[in-house]
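# Here is my input, please return the structure:
(4 chains)
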There are 2 protein chains.
Amino acid sequence: MARTSGSHALKTGPKVRLAALKLFALYGYAAVSMRQIAAEVGVQVGALYNYTPDKQSLLYDLMHTHLTDLLQTWRSQKTDTAPEELVLQFVTCHLNYHLDKSEAVFIAYMELRNLSELNFAKIETLRKSYELELESIITAGQRACIFSVEDPKITSFAILGMLKEVGTWFDGEGRLTKDEIIALYRDLVLRMLGVPASKP
Amino acid sequence: MARTSGSHALKTGPKVRLAALKLFALYGYAAVSMRQIAAEVGVQVGALYNYTPDKQSLLYDLMHTHLTDLLQTWRSQKTDTAPEELVLQFVTCHLNYHLDKSEAVFIAYMELRNLSELNFAKIETLRKSYELELESIITAGQRACIFSVEDPKITSFAILGMLKEVGTWFDGEGRLTKDEIIALYRDLVLRMLGVPASKP
DNA sequence: GTCTATACCCTGATAGAC
DNA sequence: GTCTATCAGGGTATAGAC
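Predicted structure coming up:
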């Protein structure tokens, strides 16, 4: 009988990250102790320090992994197409990622102020380059007269803020499926960009 | 010489709340100690407990005060007018409040999970009645065929999420003034609601 | 109302046995 | 790699003097 089923197949290293991910998302970085993480993993406190030099690095690792994963996911999915289609690709990719990996996403939004100064700077760089992905689509569409927005930067912030909110209430058990929600938001984004509604 | 200038005129009670407001907003509830709050106020730790039974009540007081103040502000400002105008009143009132009282607003969004179960339930009730204010405007406008939205509830969440985001980057020193930002968001909200742009 | 002193528990992190 | 034991410090909250 192979012993590869469930989380028991995981070695301690990944289990530490998973436990921290779960607990930080639930209670917040500052409210979670290394002892709690150890208990969740099923080891004693001292053993954690074989896998992370300290608690701060654990937080940084989670946020860094999330952001590079998000960026890489988008950059590998986007195609060379017109801004109108590209922005819809972005919304779909962004929401799929956010709804599937809600814990990592939540931590990345909530725990920025608990990063050390140095770690914060690195994370901010990644975050801004993701923001820029959307903003440059909007600017390109604006130049091509496909979009009609008053302020591309504010519109980009507004769209990202709107999309971020979804993670705070979606739990997969509500009135709407993930795909229905994505369809609604795709429509809202086109409206914000001043794209006339297409009649079927 | 009257000794009523600056914050020195404040009695200790309000100073405790102000210190907690500032520190919770900066570092987060869980990361702030009662000793830090006492130092900010300029008293010793024990003195704080003349003004709050415990740290949890301090957090609850701040959030409760904020939400009742927000609700009361809106309900006293709104007029009996058409949905199209009413929703613009809501956006203006909401953004003015959020940009003026950014610390209390930030705490109310960030520290929900640090409330006790009982306190959380009370705060959630207040928060939902505020959300309902916007949702009912949208529903009314939809029935009157002034708005054209696919899903009033999602649209309401999307608008509140978009507006919430402003507080995370606005600091009064950027490229745009508060009134310019409000104007941009009023326009975005009308677009999301399917109101045709009015030509001047 | 504020102070000092203190009770009691938990914190992150380390050392050394196994 | 994990355990147990331990360190130094800080956490909330209280008691009693002034």
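# Quick one: name the residues of chain A near DNA strand C.
Residues of chain A found near DNA strand C (CB under 7 Å from any atom of the strand) are A:32, A:33, A:34, A:35, A:36, A:45, A:46, A:49, A:53, A:54, A:55, A:56. In this view, the C-beta of every residue, glycine as well, is placed from N, C-alpha and C.
# how does chain A divide up, domain by domain?
Taking automatic domain parsing as the domain assignment, the ranges for chain A are A:1-53, A:55-192.
# Let me have the ones you listed in TSV, adding mean neighbour count as columns.
Formatted as TSV, the domains of chain A follow (neighbours: other CB atoms under 10 Å in any protein chain shown):
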stretch	mean neighbour count
domain A:1-53	15
domain A:55-192	17
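# Which among those domains is found nearest to DNA strand D?
DNA strand D lies closest to domain A:1-53 among the domains of chain A, at 2.8 Å (CB to the nearest atom of the strand).
# how about that closest one, does it get close to chain B?
Yes: looking at domain A:1-53 against chain B by CB under 8 Å from any CB of the partner chain, the contacts come from A:26, A:27, A:28, A:30, A:31.
# Report pLDDT for the residue most central in space within chain A.
Nearest to the mean C-alpha position of chain A, by CA atoms, centre = their mean, lies residue A:105 at 3.7 Å. As predicted, residue A:105 sits at a pLDDT of 98.
# Now it: closest residue in space, sequence neighbours ignored.
With sequence-adjacent residues excluded and distances taken as CB to CB, 6 or more residues apart in numbering or on different chains, residue A:105 is closest to residue A:98, at 5.0 Å.
# Quick check: the one you found vs residue A:107, distance?
Taking CB to CB, to the nearest Å as the measure, residue A:98 falls 12 Å from residue A:107.
# that older thread, tell me the one of the residues of domain A:1-53 next to chain B nearest residue A:111?
For the residues of domain A:1-53 next to chain B, the minimum distance to residue A:111 (CB to CB) is 7.3 Å, reached by residue A:28.
# these two touch, right, that closest one and residue A:110?
Yes: using CB atoms under 8 Å, residue A:28 is in contact with residue A:110, at 6.8 Å.
# contacting residues for residue A:115?
Taking CB atoms under 8 Å, 6 or more residues apart in numbering or on different chains, we find residue A:115 in contact with A:56, A:59, A:60, A:63, A:123.
# okay, it: pLDDT?
pLDDT, residue A:115: 98.
# So what does it look like in phi/psi?
Torsion angles at residue A:115 (phi, psi; degrees, to the nearest 10) stand at phi -80, psi 150.
# again with residue A:111
Dihedral angles (degrees, to the nearest 10) for residue A:111: phi -110, psi 20.
# Please report how far the residue nearest to it when sequence neighbours are not counted lies from residue A:126.
Ranked by CB to CB, 6+ apart and with sequence neighbours excluded, the top spatial neighbour of residue A:111 is residue A:29, at 4.8 Å. Distance of residue A:29 to residue A:126, computed by CB to CB: 18 Å.
# before we move on, the earlier item: and the residue nearest to residue A:105, what does it touch?
A:105, A:163, A:164, A:166, A:167.
# In helices only, show me those.
Among these, the members falling in helices (DSSP state H) are A:105, A:163, A:164, A:166, A:167.
# check whether the top helix by length along chain A contacts chain B.
Longest helix in chain A by number of residues, with DSSP H as the criterion: helix A:117-143. No: counting by CB under 8 Å from any CB, chain B is not contacted by helix A:117-143; separation bottoms out at 10.4 Å.
# Return the list of helices and strands in contact with that helix.
Helix A:117-143 is packed against helix A:55-77, helix A:83-100, helix A:152-169, with contacts defined by 3 or more CB pairs under 8 Å, 6 or more residues apart in numbering or on different chains; DSSP states H and E.
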